[in-house]
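S.K.: Okay, predicted coordinates and the sequence, questions at the end:
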Amino acid sequence: MNLRVVPRTLLVLAALPGATPLASAQGGPSRKPEGGLTRVDGAEATYRGGLVSPPLAKPEFVLTDTSGARFDLRKQTQGSITLLFFGYTNCPDMCPMQMSMISRALKSVRPELAKQFRVVFVTTDPDRDTPAALRTWLDHFDKGFIGLSGTQREIDAAQVAANLAPAKKIPVGSNGGYAVGHAAFIFAYTRDNLAHVVYPIGLKVEDWTHDLPYLAEETWTKP
């Protein structure tokens with residue numbers, strides 16, 4: 001299953017099989033979980049992201065972090081709520097927007113809640129995003145954000161493992177410049193290593209701060 005890649009625009013959640021775009025992303029009320037999933041404690045939860053049924057498994061891939069160490073996504077994020085985003089540092093709009101929103105939201109919630117999350121940014125532009133450039137860019141948002149890179153083949157394989165079509169270079173101008181068309185949303189993997197919710201661009205900080213406690217406290221089960 002590959003998702004449609006939309007360069008520099010919102011990825012329509014309908015392109016993701018099972019995804020339910022929530023009305024709240026368009027200014028209306030949020031919805032309850034669908035697709036046969038309920039909370040163990042019976043409480044109702046609403047989300048500002050898009051619900052996915054069946055949920056998507058956290059991908060298994062190993063890339064290189066900004067310190068030069070190999071990073072096994074599944075093993076090294078085990079037990080945390082993982083927010084995974086593929087993008088690039090020269091992105092003019094949605095990448096810095098997504099990182100800024102997450103950073104501001106995590107800084108606005110209780111520290112004991114924020115520390116349960118790991119934010120992982122995988123570059124789709126390894127030719128320009130050196131480890132130093134990637135680290136400097138991420139540090140503008142949060143020094144704790146994890147930056148990953150690798151060979152183009154490794155990064156393409158990581159995107160496929162995450163159910164995405166590999167990002168594509170888009171020529172810009174006549175001097176060899178380019179942009180990168182890539183998926184425009186964030187996967188939220190809870191402690192069960194499944195993404196029940198994905199987040200498109202366009203959400204506000206208050207949408208993230210609303211959902212972060214749910215993502216941390218939710219226990220998903222099939223009735």
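M.R.: Received it, and whenever you're ready, just let me know what you need. Note that the structure is a prediction, hence the values are computed from the model and not measured.
S.K.: for the protein, what spans make up the helices?
M.R.: Applying DSSP state H to the chain gives helices spanning 73-76, 94-108, 111-114, 131-139, 152-161, 205-217.
S.K.: With mean pLDDT added, can I get those in a markdown table?
M.R.: Output for these, formatted as a markdown table (pLDDT from 0 to 100):
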| stretch | mean pLDDT |
| --- | --- |
| helix 73-76 | 97 |
| helix 94-108 | 95 |
| helix 111-114 | 96 |
| helix 131-139 | 97 |
| helix 152-161 | 96 |
| helix 205-217 | 94 |
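S.K.: For F61, find the nearest of the ones you listed.
M.R.: helix 152-161 (4.1 Å; C-beta to C-beta). Just so you know, the C-beta spots here come from the backbone N, C-alpha and C atoms, and that holds for glycine as well.
S.K.: The nearest residue to R48 once chain neighbours are set aside: neighbour count?
M.R.: Ranked by C-beta to C-beta, 6 or more residues apart in numbering and with sequence neighbours excluded, the top spatial neighbour of R48 is D207, at 3.8 Å. For D207, the neighbour count with other C-beta atoms under 10 Å is 20.
S.K.: ok, now how distant is D207 from E154?
M.R.: Using C-beta to C-beta, to the nearest Å, D207 is found at 32 Å from E154.
S.K.: about what we covered before: distance of the residue nearest to R48 from T46?
M.R.: D207 sits 11 Å away from T46, going by C-beta to C-beta.
S.K.: Could you tell me which residues make contact with the residue nearest to the spatial centre of the chain?
M.R.: Compute the mean C-alpha point of the chain, and by C-alpha atoms, centre = their mean the closest residue is I186, 2.3 Å away. Listed by C-beta atoms under 8 Å, 6 or more residues apart in numbering, the contact partners of I186 are L83, L84, F85, Q98, I102, V198, Y199.
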